[in-house]
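K.L.:
please work out how this folds:
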Amino acid sequence: MAKKIDLWWPVAGALRLAGLMLPLILAGCATLGPDYRTPESELPDTWQREADPSLVRDETLVRDWWRLFEDPLLDELIVAAEQGNRDLRRTVARVREARARLGVARGERMPEAAAQGSVVRQRGSENSLAGAGYTETLYRTGFDASWEIDLFGRISRSVEAAAADYQATEEEYRDGLVSLYAEVAQVYLDIRTFQARLAATRGNLDSQEQALRLTRSRFENGLATGLDVAQAEQLLASSEAEVAPLHIALSRAIHSLSVLLGEPPGARFEQLGEVRPIPVPPPSVAVGVPADLLRQRPDIRRAERLLAAQTARIGVARGDLYPRLSLSGTFAFESIDSGDLFKGSSRAFGFGPTLRWLLFDGARVRNQVRVEDARTEQALNHYEQTVLNALKEAEGAMTEYLDQRDRLEALERAVAAARRSLQLATRLYRDGLVNFQNVLDAQRALFDGENQLAAARGHTAMNLVALYRALGGGWVVNEEEIVADESSPAS
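P.N.:
Predicted coordinates:
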């Protein structure tokens, strides 16, 4: 019985020591570093152009804004891009990486145990004080365990930083979604715009060919000069030369859109090559209020989460200024005879707390704290600048959209007048009342006007896309949303 007490008394002593230290541990537990608070952002209550009747304070239309164009093919392309875009998939992988890093940080709160086993053949030196050339085999098996007590919250701050980093990667994913939706829609509108410009160019070519036939007929009848014929030929050839660049731009846009979908460049050529009209924007635009940007724009939310993570790292760095308390223990069987390995007499153990306090490091830790302080200040300024940039982008997108609509209306009137002008000039030239220069001027004006009108229709739709992108449209604000897969964060 005495032998048993002699074997286990260190265990009881270690437990008594831990019990005596527990009140001290609980009393001393405090989380180092500043507690994070979301910074206040001063935003105006209204938009500068909010008085325009085209802008509506309604955020319900912001999420699936592309459906407002009532184009089923655009809806299909948006879905395909979300599923196949490679850059978005890479962002999803970064989300999984950050989730795993959060699991690593949380794991520091738990005890660590490791099993071990060894067989060592050893021989002592004949010239040493012990050993005298004796050779033996040592068998050993057992486990080690250690547990760092989060005395001053260093581990808690580390988990806090990892959680904020994980949330920041989720916002990065959402920001990628917002950008991808907008880019797909803008390239699609580019395709329809080039098709509309090609159609306008071909229509003008027909009109110019008719004018050329007219001048040749009049020249053959002595009613026109060779100069009229040459000018008509020159205008027609110049207009024909505009077709090839439009074809090239159209092909590039189709290839770009296919790659955005994660497909080979020519995969959608036949489908997208089918001519369709430019989608018409809705008469009103839901814009909400400026304060919605803080809640809706993923880049702002990401910058705020990065600031939270960096604030927590101040506490992690300050933790190195204070003692670290760990509880550790070892239990093993050791024997020079394998047959005796698991006998009671082969037991070996060691238990007890370990306190480590860095007393001198050449001010390395204190300077690391200053590093984290400076990085936090940088993160705060980055957040504030992101908010200002978002406000600037939203205001600018509203102005461009509204002004482009006004320009589109003016161009429609100008093109209607140019068509009447060409009809009148052609009729008067046929009757011999004006020279051919009037017809040339009218044809050039109509050619330029219809190209500008087609481009303006596309730009108006693209400006609406840019506006919804600036507002952060394209996803639902849901703090519990799980990105990429349904598994919960590692814990």
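
K.L.:
could you point out the longest strand of this structure?
P.N.:
strand 135-149 (DSSP state E).

K.L.:
next helix or strand past that one?
P.N.:
helix 154-220 (DSSP states H and E).

K.L.:
now do the strands in the stretch 251-400 of the chain.
P.N.:
For the stretch 251-400 of the chain, the strands defined by DSSP state E, counting those that start in this stretch cover 285-286, 324-335, 347-356.

K.L.:
and these, which is most packed in?
P.N.:
Across these, the average number of neighbours (mean count of other CB atoms under 10 Å) peaks for strand 285-286, which reaches a mean of 21. Placement of C-beta: from N, CA and C, glycine included.

K.L.:
mind giving me the packing neighbours of that strand?
P.N.:
strand 55-56 (3 or more CB pairs under 8 Å, 6 or more residues apart in numbering; DSSP states H and E).

K.L.:
quick one: residue 155 and residue 108 touch, right?
P.N.:
Yes. Taking contacts as CB atoms under 8 Å, residue 155 lies within contact range of residue 108: 4.8 Å.

K.L.:
rewinding a little: okay, buried residues for the longest strand of the chain please.
P.N.:
Buried residues in strand 135-149, defined by neighbour count with 16 or more other CB atoms under 10 Å: 139, 140, 141, 142, 147, 148, 149.

K.L.:
out of the residues you listed, which is nearest to residue 429?
P.N.:
residue 148 (94.5 Å; CB to CB).

K.L.:
so, low pLDDT: which residues of the stretch 101-250 of the chain?
P.N.:
When residues are selected by pLDDT under 70, those of the stretch 101-250 of the chain lie in 124-133.

K.L.:
got the domain ranges for this protein?
P.N.:
1-29+117-149+325-356, 31-109+152-322+366-470 (automatic domain parsing).

K.L.:
pick the most deeply packed of those domains.
P.N.:
Using mean count of other CB under 10 Å, domain 31-109+152-322+366-470 ranks as the most buried of these, with a mean of 18.

K.L.:
ends of that one, what's the gap?
P.N.:
End-to-end span of domain 31-109+152-322+366-470 (CA to CA, to the nearest Å): 39 Å.

K.L.:
cool, and stretch 354-369?
P.N.:
For stretch 354-369, the end-to-end distance is 25 Å (CA to CA).

K.L.:
residue contacts, the nearest residue to residue 347 once chain neighbours are set aside?
P.N.:
Leaving aside its chain neighbours, residue 347 sits nearest to residue 333 (6.1 Å; criterion: CB to CB, 6 or more residues apart in numbering). Going by CB atoms under 8 Å, 6 or more residues apart in numbering, residue 333 touches 139, 140, 141, 142, 341, 342, 343, 346, 347, 348.

K.L.:
is residue 333 bridged to anything, and to what?
P.N.:
residue 141, residue 347 (DSSP bridges).

K.L.:
in CSV: the contacts of residue 333, plus distance to residue 160.
P.N.:
Shown next, in CSV, are the contacts of residue 333 (distance: CB to CB, whole Å):
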residue, distance to residue 160
139, 45
140, 40
141, 39
142, 36
341, 46
342, 45
343, 49
346, 45
347, 42
348, 40
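
K.L.:
of the residues you listed, just say which sits nearest to residue 412.
P.N.:
Using CB to CB, the contacts of residue 333 come closest to residue 412 at residue 142, 86.9 Å.

K.L.:
ok, the closest one touching residue 335?
P.N.:
No. Residue 142 lies out of contact with residue 335 (CB under 8 Å); the separation is 11.6 Å.

K.L.:
tell me how far residue 419 lies from residue 243.
P.N.:
21 Å (CB to CB, to the nearest Å).

K.L.:
can you tell which of the strands of the stretch 251-400 of the chain is closest to residue 219?
P.N.:
strand 285-286 (54.4 Å).

K.L.:
now that closest one, how far from the chain's geometric center?
P.N.:
24 Å (CA atoms, centre = their mean, to the nearest Å).

K.L.:
next, the contact list for residue 383, please.
P.N.:
So residue 383 contacts 39, 300, 303, 304, 306, 307 (CB under 8 Å, 6+ apart).

K.L.:
that one and residue 455, how far apart?
P.N.:
38 Å.

K.L.:
wasn't residue 120 part of a strand?
P.N.:
Yes. Counting by DSSP: H, G, I helix; E, B strand; the rest coil, residue 120 is found in a strand.

K.L.:
shouldn't it be in contact with residue 137?
P.N.:
Yes. Taking contacts as CB under 8 Å, residue 120 lies within contact range of residue 137: 7.0 Å.

K.L.:
related to what we said a few turns ago, okay, the strands of the stretch 251-400 of the chain in a markdown table with mean pLDDT next?
P.N.:
Compiled in a markdown table, these are given as follows (pLDDT from 0 to 100):
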| stretch | mean pLDDT |
| --- | --- |
| strand 285-286 | 86 |
| strand 324-335 | 86 |
| strand 347-356 | 84 |
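
K.L.:
let's have these in JSON lines, adding distance to residue 439.
P.N.:
Formatted as JSON lines, the strands of the stretch 251-400 of the chain follow (distance: least, CB to CB, whole Å):
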{"stretch": "strand 285-286", "distance to residue 439": "42"}
{"stretch": "strand 324-335", "distance to residue 439": "91"}
{"stretch": "strand 347-356", "distance to residue 439": "94"}
